[in-house]
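Novice: I'd like to go over a predicted model; first the sequence, then the structure.
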Amino acid sequence: MTTTIELIAGAMQAQAEGLRTIGQNIANSQSVAYRREIPVSHATFEQVAAGVESQAAGPALGALDLTPGTLQSTASPLHLAIEGSGFFVVSTSRGERLTRRGDFRLDGDGQLVTQAGDPVLGTSGPIVITGDQPTISPDGTVRVATDVMGQLRIVDVASGSALLPVGDCSYVLADGEPALESPSPTVRQGFLETSNVQTVNEMVQLMDTLRRFEAGQHFVRGYDDMIDKAITTLGRI
């Protein structure tokens, strides 16, 4: 019975992590280019109670849903979106980060940066824009009139590679894997990508996960009552 309780405790921890993940998805449903996290399956309370310890069916650890969001026009020349696969590369104090969040701006030095102030990298380093508003072509080349300011560095990830979220809709590759240079990126100027979270679907999953968590709670309470009665009965013998 102790083993069963331990397994159910593990299943409840998995459900709790699933609730956290779903809540985070819902909270970021309006965040630019947010990628929803997918709770990866572990044994549910029902499976543990039925003696099935190894099957996976309940949420626990997170993976990323890389399905693209939709592109919405903003008419801002510094708002960029990638059509299809690929990521912008951003330089931070913790190293390079990958992102699809393209609500960029210029800092006081004319450098193209994220909303957090981190430089957006081009193929030759940070991009500094001087003069009028830039024109950015689909291949990521940044021009002011006929002058080339730089070219955005767009990378991709190999199939099967794991991306880890590190906040602010940015990611790093797991295990230090290198990113792949995108051979033919398509950058859309004046557009932003929406979150790929479907709020209705997340709410349905939230209710199902909560139900599974509560089922585990009821079992543990019943088991605790049974042990309490057994101790009380033995004390009278």
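Specialist: In hand now; what should we look at?
Novice: Next one: residue 160 from residue 173, what distance?
Specialist: 11 Å (Cβ to Cβ, to the nearest Å). Every C-beta, even on glycine, is put in place using the N, C-alpha and C of the backbone.
Novice: typo on my end, residue 10
Specialist: 29 Å.
Novice: swap in residue 97?
Specialist: Residue 97 is 10 Å from residue 173, by Cβ to Cβ.
Novice: Between these two, point out the one with more neighbours.
Specialist: Remark: of residue 97 and residue 173, residue 97 carries more neighbours, 21 against 18, as counted by other Cβ atoms under 10 Å.
Novice: Which positions in the helix or strand encompassing that one come out as buried?
Specialist: Assigned by DSSP states H and E, residue 97 falls within strand 95-99. Within strand 95-99, the residues that count as buried by 16 or more other Cβ atoms under 10 Å are 96, 97, 98, 99.
Novice: and the spatially closest residue to residue 143 that is not a sequence neighbour, what does it touch?
Specialist: Nearest residue to residue 143 in three dimensions, chain neighbours excluded: residue 135, at 5.0 Å (Cβ to Cβ, 6 or more residues apart in numbering). For residue 135, the contacting residues are 77, 142, 143, 144, 189, by Cβ atoms under 8 Å, 6 or more residues apart in numbering.
Novice: Could you identify the buried members of the residues you listed?
Specialist: The neighbour-count test (16+ other Cβ under 10 Å) marks 142, 143, 189 as buried among those.
Novice: Which of the residues you listed fall within strands?
Specialist: Using DSSP state E, the members of the buried ones among the contacts of residue 135 that fall within strands are 142, 143, 189.
Novice: Relative to residue 130, how far out is the second one?
Specialist: Looking back up the chat, that one is residue 143. Residue 143 is 12 Å from residue 130, by Cβ to Cβ.
Novice: and for these two, which residues touch both?
Specialist: residue 149.
Novice: Give me the domain ranges for this structure.
Specialist: Split into domains by automatic domain parsing, the chain comes to 2-66+196-236, 71-193.
Novice: Using CSV, lay out the ones you listed together with mean pLDDT.
Specialist: As requested, the domains of the chain are exported to CSV (pLDDT from 0 to 100):
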stretch, mean pLDDT
domain 2-66+196-236, 75
domain 71-193, 93
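Novice: what sits against residue 149?
Specialist: By Cβ under 8 Å, 6+ apart, the contact set of residue 149 is 127, 128, 129, 130, 134, 142, 143.
Novice: Going by residue numbers, what spans are helices in this structure?
Specialist: 2-27, 45-49, 199-236 (DSSP state H).
Novice: Out of the ones you listed, which gets nearest to residue 154?
Specialist: Residue 154 lies closest to helix 2-27 among the helices of the chain, at 25.8 Å (Cβ to Cβ).
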